[in-house]
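J.: Fold the following and give me the result.
(2 chains)
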2 protein chains.
Amino acid sequence: MWSRRIPLFIFGVLVLILSVAAEDVVWRWSCDNGKCVKLKNDPRSSEPALSLEACKMFCNEYGLLWPRPTGEADLGNFLSKINLNSIEVKILKKGATDDLMEAAAKRFKEQVSLAIPRGSTPKLTGKAVDVYLVNENPNEKAFSLEMDESYGLRVSPSGADRVNATITANSFFGMRHGLETLSQLFVFDDIRDHLLMVRDVNISDKPVYPYRGILLDTARNYYSIESIKRTIEAMAAVKLNTFHWHITDSQSFPFVTTKRPNLYKFGALSPQKVYTKAAIREVVRFGLERGVRVLPEFDAPAHVGEGWQDTDLTVCFKAEPWKSYCVEPPCGQLNPTKDELYQYLEDIYSDMAEVFDTTDIFHMGGDEVSEACWNSSDSIQNFMMQNRWDLDKESFLKLWNYFQQKAQDKAYKAFGKKLPLILWTSTLTNYKHIDDYLNKDDYIIQVWTTGVDPQIKGLLEKGYRLIMSNYDALYFDCGYGAWVGAGNNWCSPYIGWQKVYDNSPAVIALEHRDQVLGGEAALWSEQSDTSTLDGRLWPRAAALAERLWAEPATSWQDAEYRMLHIRERLVRMGIQAESLQPEWCYQNEGYCYS
Amino acid sequence: MWSRRIPLFIFGVLVLILSVAAEDVVWRWSCDNGKCVKLKNDPRSSEPALSLEACKMFCNEYGLLWPRPTGEADLGNFLSKINLNSIEVKILKKGATDDLMEAAAKRFKEQVSLAIPRGSTPKLTGKAVDVYLVNENPNEKAFSLEMDESYGLRVSPSGADRVNATITANSFFGMRHGLETLSQLFVFDDIRDHLLMVRDVNISDKPVYPYRGILLDTARNYYSIESIKRTIEAMAAVKLNTFHWHITDSQSFPFVTTKRPNLYKFGALSPQKVYTKAAIREVVRFGLERGVRVLPEFDAPAHVGEGWQDTDLTVCFKAEPWKSYCVEPPCGQLNPTKDELYQYLEDIYSDMAEVFDTTDIFHMGGDEVSEACWNSSDSIQNFMMQNRWDLDKESFLKLWNYFQQKAQDKAYKAFGKKLPLILWTSTLTNYKHIDDYLNKDDYIIQVWTTGVDPQIKGLLEKGYRLIMSNYDALYFDCGYGAWVGAGNNWCSPYIGWQKVYDNSPAVIALEHRDQVLGGEAALWSEQSDTSTLDGRLWPRAAALAERLWAEPATSWQDAEYRMLHIRERLVRMGIQAESLQPEWCYQNEGYCYS
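T.: Numbers count the residues shown, from 1 in each chain, chains lettered A, B, ... in the order given. Okay, the predicted model is just below:
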């Protein structure tokens, strides 16, 4: 389908822009065998000078769309001149999501104006655009792993001076995705200073994986609320749908849990570096309007410490030498044998449930529990002996399970329902014994080890649902200098976008791919904070977004030109995204190869 | 000298802050064996609650100073409460540098207020500060490799409610450094919301190396003028003194050379992505006020291409396969056999001399010339034959030297004087034959290969002066994803600040250390632009700054706590510096070790 279009392409675009041949324009672009090639512009030539992005919109199978649609993706051959001030969005089916639809419509117009580079002023002549939103379930606004994020998008001319766009969907989330795609069909003709839009479009689209996330660790270093909202804004632009908030750890407790105020009073890095309930509600609402669920994680029983100092509910906090008791300083684990602990957990969980009120899932952490840490506590040893348990590996699993069952009950109680729970891969989730401890219908396992870890196959074969966060492709903190000692940090080298893009859950899970809910890039923050956030995540998380949305059979090479463009779009959104190549390569497709 | 102070330290600080024991303060810090340790604050305790930075100012030999002074560095034991609004700077010896001194005085007050974290409001009680500037050469404002950047700084109480600071120097540059150091002696007591200053100071200081630089390549990707000025601002904060502007390359020609307008008209990435003469003058002036020379580089005869399209003065531009003709796409070299070329160079050089009017040096590039590229040109082959040269390695060195001698003359003519010229290490600068071509009194060689390259010893033994930019420690673009092909880029892995800090020119040059003028970190911009600039450079360039200022006998471990602080100071300046460790480590000195 795609190759037939090229001859048409030249004629189509000709009809449209013939009217103007720019005088002082030096360069123009022309599509040659799927590549936009830079040519000297000859003002006297009858052939119209095509701007770079207008060329890119038709020279590549999916134009400038990111992620690429998974169904029909016909972009036709015509660009229409559009008046930026005459774009109207009309909600045809009203319902409980009207406020969300209004917010999404407002944001759509902001996203359209992204096409206009800073310092350029578009002419306000051209056609008007009417966008009709047809949501078959206008009351549906709950996140769920079964939610329908599909949409259909049709664009066609309507008389001489109007273009109609119709988006059909079965939920607000699908509708919002449709608006995002439509906003990517506008380009700026910097030769004639005009906003253009693809005029004939037929797109049907839906994601392959329901869980498409980014983890942010706000415990090892603090992030401003503004930087977190900026992350969710960028996630929406590439249709990621889960912001996994790893809010506490042994280094700090910034979550304002009003039922246990000493936890944040002692545990925050400073009185200003906290997340109040109001701030979290603001982020959660910001996410909902952008189709992004804000998923809280309270990591336990390990990865605790700061904030618990006056509770007597932790063991081996700041124990030395730290390597003997945990994976990084400071050490610290909850003491499962203390009954009061579970009251603490209920209070923390219910404070979380109160503010993370759109989440349909709860992440209970469960990574990197150290036997040696628990074993260093007399009260734990006594408890185990009273239970006629030994002090061996298996007994500590029993202790861990004892903790997890009690914590699980508190979670259900706090959230008021049996919601899906996520745990990290760990010694407890080992496929050889997981079913002794964790029910596959209650627990989703987030794989953080490597993409070739035999645990994956083992867990899938036992029917468990997985989320892929294998560190060899999706840990975005890897590759920098060491923060303890010298050299490079533990999971070096740096992971380029190419490896993120090619990290296919389907290839990892093979015949069990239907049990993979999706994937998530993780930004652990030992060496990242507000100042470094954008560069760590972007544009690499866009590569994750297309992999999880479309699970393409092709690899990064086929997506390279569009990836360079989505990076530029993110920068225009105010995201300090990493530069991937010299801009010369963006302007000279096909020349920057290995 | 240093160890004797600790007992005194407790008593000294006691006298000062006794008046107030903060009620709602949770944590305080105490200096224990050179480490600031975090302790629970007991409001009823008579011992004063010391804030973290007040502790750090006295618990570490050089307090919070960066770079550390090279002479006397006595910080006494007392902190005085200061009224931010009562700081006056008085220039005692007037002269031609008064405008620069006024600008530096204004900037000094801005740097002082950096101590106050965002969101905090200092009480405006406390002592006034009078800063007396005694510049023995108030007319001296020319950069030179021999300039005197030394200064002396004395601070002492003056009556009950004033503190006097006197800075003595032999040039504006030394004076400015003194003000920078003084601004680092202010801390904020976030326990009592008060600005404090070290009250008794005796510092004598000067740099070990005269050339302390950062290279920025603005050809592979574009950088805004604002981001360039931000870089110079950060350089001044750590006493780096040379902004080496690699302004053109084969990918783009953004330098507005009014004598040859087509070069930038065809060569800029877009009409907006240029550096006008006015903008360059603004940067040069901005640098002068901050003691930073802005050094232009016109890289030739290789690394040229975009912009030269209609001149017929280049060969193998965009030649394919590029690997056969250059080190990265697009290829392109000047054709030395064309007489018109040298008129072009004179025009470019004189346009550069006109706007880079404070530089005392000119960088003529000279890296990565490809024989195969020249050899692909008939006109060059004919020229060589006419000169009875073969087409072998040695003949192409003759051709290159032919070019360099003519270009050298044009440079002297354009700058109106025989100024020092810098060239990159290359086949032309090979120590085995360099003296056939390049006079050691005319040329400084910038070493970009590794720190163990035998060329270093060879060049030093032949009396050449060097600048160290060995890529294995000072190329700040290394370690990211590949931009041609997949995997990691050519000079991976990422270079941590520890390696930058320990890269000692003195160790590299041994008995010839006096011929090493200094060093320079290079940011090549294939994968960097305005969005990524700060993170690539900072805080690693601060590690370079202390190495070149002080050439310490100690290694990174001894500087770690102060390095974490200078990073926080850069972030407060609005620099998006990389985070090095969890903030927990900054608050718990000694716990984050390997």
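J.: contacts and neighbour counts: CA atoms only from here.
T.: Fine.
J.: Give me the next element, helix or strand, following the biggest helix by length in chain A.
T.: Ranked by residue count under DSSP state H, the longest helix found in chain A is helix A:393-415. Downstream of helix A:393-415, the first helix or strand assigned by DSSP states H and E is strand A:421-424.
J.: Just give me how far that following strand sits from the chain centre.
T.: Centroid separation for strand A:421-424 versus its chain: 18 Å, with CA atoms, centre = their mean, to the nearest Å.
J.: do stretch A:322-342 as well
T.: Centroid separation for stretch A:322-342 versus its chain: 30 Å, with CA atoms, centre = their mean.
J.: Say whether chain B is contacted by that stretch.
T.: Yes - applying CA under 8 Å from any CA of the partner chain, one finds stretch A:322-342 touching chain B at A:329-330.
J.: Check which residues of that stretch are buried.
T.: A:322, A:325-326, A:328-338, A:341-342 (16 or more other CA atoms under 10 Å in any protein chain shown).
J.: Over to stretch A:435-449?
T.: Buried positions in stretch A:435-449, judged by neighbour count with 16+ other CA under 10 Å: A:435, A:437-438, A:440, A:443-449.
J.: tell me the SS of the residue of the stretch 101-250 of chain A found nearest chain B?
T.: Of all residues in the stretch 101-250 of chain A, residue A:220 sits closest to chain B, at 4.9 Å by CA to the nearest CA. Following DSSP: H, G, I helix; E, B strand; the rest coil, residue A:220 is assigned to coil.
J.: Flag every residue of the stretch 401-550 of chain A that's near chain B.
T.: Neighbours of chain B within the stretch 401-550 of chain A, by CA under 8 Å from any CA: A:479-488, A:493-499, A:525-529, A:531-532, A:535.
J.: Determine the number of other residues adjacent to the closest residue in space to residue A:348 that isn't next to it in sequence.
T.: Excluding the flanking residues, the one nearest residue A:348 by CA to CA, 6 or more residues apart in numbering or on different chains is residue A:257, at 6.0 Å. Residues within reach of residue A:257, counting by other CA atoms under 10 Å in any protein chain shown, total 21.
J.: these two touch, right, residue A:257 and residue A:263?
T.: Yes - at 7.3 Å, residue A:257 and residue A:263 qualify as touching, with contact defined as CA atoms under 8 Å.
J.: Could you say which helix or strand holds residue A:381?
T.: Assigned by DSSP H and E, residue A:381 belongs to helix A:378-386.
J.: before we move on, the earlier item: from the residues of the stretch 401-550 of chain A next to chain B, which land in strands?
T.: Judged by DSSP state E, the subset of these located in strands is empty.
J.: Is it possible to mark the buried ones in those residues?
T.: Buried members of those, scored by 16+ other CA under 10 Å, are A:479-484, A:486-488, A:493-499, A:525-529, A:531-532, A:535.
J.: among those, which are in helices?
T.: A:497-499, A:535.
J.: among the residues you listed, which two are most distant?
T.: For these, the farthest-apart pair by CA to CA is A:499 and A:535; their separation is 16.7 Å.
J.: from the ones in helices among the buried ones among the residues of the stretch 401-550 of chain A next to chain B, which single one is nearest residue A:355?
T.: Nearest to residue A:355 out of those is residue A:535 (CA to CA; 28.6 Å).
J.: residues touching the closest one, list them.
T.: Contacts for residue A:535 (CA atoms under 8 Å, 6 or more residues apart in numbering or on different chains) come out as A:576-578, B:532.
J.: same deal with residue A:250?
T.: Residue A:250 is in contact with A:219, A:303-306, A:330-332, counting by CA under 8 Å, 6+ apart.
J.: Out of the residues you listed, flag the one nearest to chain B.
T.: Of all those, chain B sits closest to residue A:330, with 7.4 Å by CA to the nearest CA.
J.: Could you look up the SS state of that closest one?
T.: Following three-state DSSP, residue A:330 is assigned to coil.
J.: where does it fall, phi/psi-wise?
T.: Main-chain torsions, residue A:330, degrees, to the nearest 10: phi -90, psi 150.
J.: Where does the stretch 1-150 of chain A get nearest to chain B, which residue?
T.: Here the stretch 1-150 of chain A gets closest to chain B at one residue, residue A:26, 6.5 Å apart by CA to the nearest CA.
J.: Quick check: chain neighbours aside, which residue is closest to that residue?
T.: In this structure, residue A:26 finds its nearest non-sequential neighbour in residue A:41, 5.3 Å apart by CA to CA, 6+ apart.
J.: Go through the buried residues of stretch A:322-342 and name the one nearest chain B.
T.: For those, the closest approach to chain B (CA to the nearest CA) belongs to residue A:329, at 6.1 Å.
J.: ok, residue A:143 - contacts?
T.: Each residue near residue A:143 by CA under 8 Å, 6+ apart is listed here: A:293, A:358-360.
J.: Ranking by neighbours, what's the top pick from those?
T.: Highest neighbour count within the contacts of residue A:143: residue A:293, with 30 neighbours (other CA under 10 Å).
J.: Residue A:518 is in contact with residue A:466, correct?
T.: Yes - when contacts are counted by CA under 8 Å, residue A:466 is listed as touching residue A:518 (7.4 Å).
J.: out of these two, which sits in the busier spot?
T.: Using other CA under 10 Å as the criterion, residue A:466 and residue A:518 rank with residue A:466 on top: 28 against 25.
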